[in-house]
Each structure stands twice: as C-alpha cells, then as structure tokens.
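K.L.:
Sequence first, predicted coordinates after that:
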Amino acid sequence: MSIYILGIESSCDDTSAAIIKDRKILANLTANQHIHKEFGGVVPELASRAHQQNIIPVIESAFSAAKITKNQINAVAYTNGPGLLGSLLVGTSFAKAFALALNVPLITINHMHAHILALFIEDEAHKAAPPFPFLCLTVSGGHTQIMLVKSHYEMEVIGKTIDDAAGEAFDKAAKIMGLTYPGGPMIDKLAREGDPERFHFPHPKVPGLDYSFSGLKTSFLYFLRDQLKNDTEFVSNHKADLAASIQHTIIEILLKKLKQASEKTGIRHIAMAGGVSANSGLRRAFIQEQDAGRWQVYIPRFEYCTDNAAMIAINGYYKYLKKDFSPQSLKPFTRYTDQ
Ligand code: KG4
Ligand code: ZN
C-alpha cells in the first residue's frame, strides 16, 4: 500500500506544503514572501506574520493539486529546525493541530537533512540518487556544511563555516552592489555576462575542512569603497564583471575544501544541496569535475534547491518507514544540531 505524507516547511521566509506518495511528489507549492525585499533581508516578525496568512491557503492548494483528501494522509512531517523561531512555530502549530485532528503520526524534520534527502525524490528526469556513503556540499542562506551522508538517517558534518554562510556571502555582496534581496539569484544572472577573472579577492585561510566567508565580504566592501573614490559609477560600469568575479571566488573557496574532503575520505560520489546549489556557476563547476573523471556528481532539480516542502515530505517518508514519530510536546530549535 502507498504511503501519503503531507510535508510543511516554514523555517525562514517561504511557506511551503507538499504531498508525496511514496517517493513521488504529487504537489509542491510555495508562497514566497516578497515583503522582505524592501528591507534587504528577512525580517523575522514580518516572516512569521506572513506564514500565518499563507499557511492555510498553501496547504489547501497542495491538497487540490495532489487530488487527494485529507483523510488519505498517513502522517504529517514538518520542519522543526534550524530556522527562525517565530517562522518555525507557525508550521509547528499547524502540523501538530492537523496531525491531532486526523489522528495520524507527527514527524519532525531537520531542515538541513531535508535539503540533502531532496536528492532521493523519485523523478522521471532525475533517476540516479547517490549511493551511500557520499559527500554533500550543503549550501544555504544560513548554513554551509560538508556532510558525510552514511544513510538516509545518518549524516555527519565534517566541515562547516565558522562565520557567514555561502548564501550570505552572495546576499551581502549583492547588497553592497545595491541589488535587491535575495542577492544570490541576481549575482548568478549578472555573472553570465561577466568576466570571472576580471577582479581577484583573497581566499580565507581556515584549517581543516571548515569555511569562512566574512573576510571575503569585507574585502569586497573595501575594494568597492576604494574604486568608488576614483569613479562614482564604478559599480554600475562593472556590474557583470563584479558579479562574475565574486561568484567565481565563492565557488573556488567551496570547491577547494570539498576536494580536500573527497581526498581525505576517499569518497568520489559528491552531491550538492540547499539554495546556493541553484547557482549555475556552481552546478557547472561540479559537472566539470565529473567530466574530468574525478567525481560522480548529484545535483538536485532546480525547484528542490531553495526552500520547499517536497524535501520535507521525502524525509518524512523515510522516517515513516522507520516509524520515527515525534510527540506533540517537541519544541522547534533555531540552531543546527544533527538530530
Ligand atoms: O536553502 P535556502 O532557500 O534557504 C535557507 O535555508 O537559507 O537558501 C537561500 C539562499 C540565499 O542566500 C540565496 O541568495 C541563495 O540561497 N541562492 C542562490 C541562488 N539561488 C538562491 N545563490 C546563488 N545563486 C543562485 N542562483
Ligand atoms: Zn534551506
């Protein structure tokens, strides 16, 4: 018999609901919160209010799109961290009430693990899921991790950022250039027209497999400040080259530690996940490694890169198989833990 799971994601500024039938997505709908654009970043209080407005319509639309009734659901899976507390609480409260009303199990999902498990969604276009163990570069707005993935249930962080995340580096560089939030997709678009070797920025010196991106942001800021003294139109005159150069530097930094991780562990099955995995330059860099015969790479479908509930639903499916259910009393958490 098939298993139907409702997945709910509300950890940051996207309210998303998805319905999965075994490993196949029947519906995956997201209400984006455009309200944050004018503030240059996510405003937590506005995010939780928008989640409250969006959650019921998004869930109703997911059921209509999936063409199933609420009574067919076997379990409700929801993100309980990491994320913004006010945002998480909206999804949590809804999920708990819904599961209680339907008398079905409740499943808590770790947002960062869900990004990775999105690679296991069954999809005609994307058949190959990575074999275990594999390494996953998990890059989002709040996290940058090299994850050693041992099974659907066991993941170990072997490298992480000690300050800013890669997505933050994109967003902050974009903000310095006067682009709107979220800056990652804007930089990606501009970079296509630019020269990645036009400007050079220093790489951080961090031991082991860890990352750092805060120094890059500062050197980008100081570089532009100096250039603007001589040419007040410097940013608008060099938009594409600036975007291409900063993107190129971020990708080089990401790849360097990932290569070290691959050498250290001997693992050549390498995946990527999280919002920054939507970046066309990063995707290209992965494919180049594969073409050179060094790695076998696994890249999620574009719509499963940035925050979505399909990834919550697939993770819910695997936890359902293990009967890994959660009590109503569980509270959401804001910072990453491996639970
Ligand atoms: O995973 P995600 O949707 O949310 C978090 O869990 O944080 O990641 C959002 C991040 C933002 O920093 C955004 O700028 C970045 O992913 N991002 C991109 C691209 N699309 C989204 N960064 C670079 N290039 C992109 N195409
Ligand atoms: Zn995310």
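P.N.:
Here it is on my side, so go on. Ligands and ions are numbered 1, 2, ... in the order given.
K.L.:
Let me know whether residue 320 touches residue 107 as I believe.
P.N.:
Yes - the pair residue 320 and residue 107 qualifies as a contact (CB atoms under 8 Å) at a distance of 6.5 Å. For every residue, glycine as well, the C-beta is placed using N, CA and C.
K.L.:
Mutual contacts of these two, please.
P.N.:
5, 75, 77 (CB atoms under 8 Å, 6 or more residues apart in numbering).
K.L.:
Nearest to residue 30 among the residues you listed?
P.N.:
In terms of CB to CB, no member of the shared contacts of residue 320 and residue 107 lies closer to residue 30 than residue 77, at 15.9 Å.
K.L.:
That closest one: what's it in contact with?
P.N.:
If a contact means CB under 8 Å, 6+ apart, then residue 77 has 5-8, 95, 107-109, 312-313, 315-317, 319-320 as its contacts.
K.L.:
same question, residue 169
P.N.:
Contacts were defined as CB under 8 Å, 6+ apart; by that measure residue 169 touches 213, 216-217, 246, 250.
K.L.:
Chain neighbours aside, what residue packs nearest to it?
P.N.:
Nearest non-adjacent residue to residue 169, counting by CB to CB, 6 or more residues apart in numbering: residue 213, 4.0 Å away.
K.L.:
What pLDDT does the model give the most centrally placed residue in the chain?
P.N.:
Nearest to the centroid of the C-alpha atoms of the chain, with distances taken as CA atoms, centre = their mean, sits residue 274, at 2.4 Å. The confidence metric pLDDT takes the value 97 at residue 274.
K.L.:
Please report phi then psi for the closest residue to it other than its chain neighbours.
P.N.:
In this structure, residue 274 finds its nearest non-sequential neighbour in residue 140, 3.7 Å apart by CB to CB, 6+ apart. Taking degrees, to the nearest 10, you get phi -140, psi -170 for the backbone angles of residue 140.
K.L.:
if you skip the residues just before and after it, what's nearest to residue 304?
P.N.:
For residue 304, the nearest residue in space outside its immediate sequence neighbours is residue 118; the separation is 4.0 Å by CB to CB, 6+ apart.
K.L.:
re earlier: from the shared contacts of residue 320 and residue 107, pick the one nearest ligand 2.
P.N.:
Distances from ligand 2 to the shared contacts of residue 320 and residue 107, taken as CB to the ion, are shortest for residue 77 (15.4 Å).
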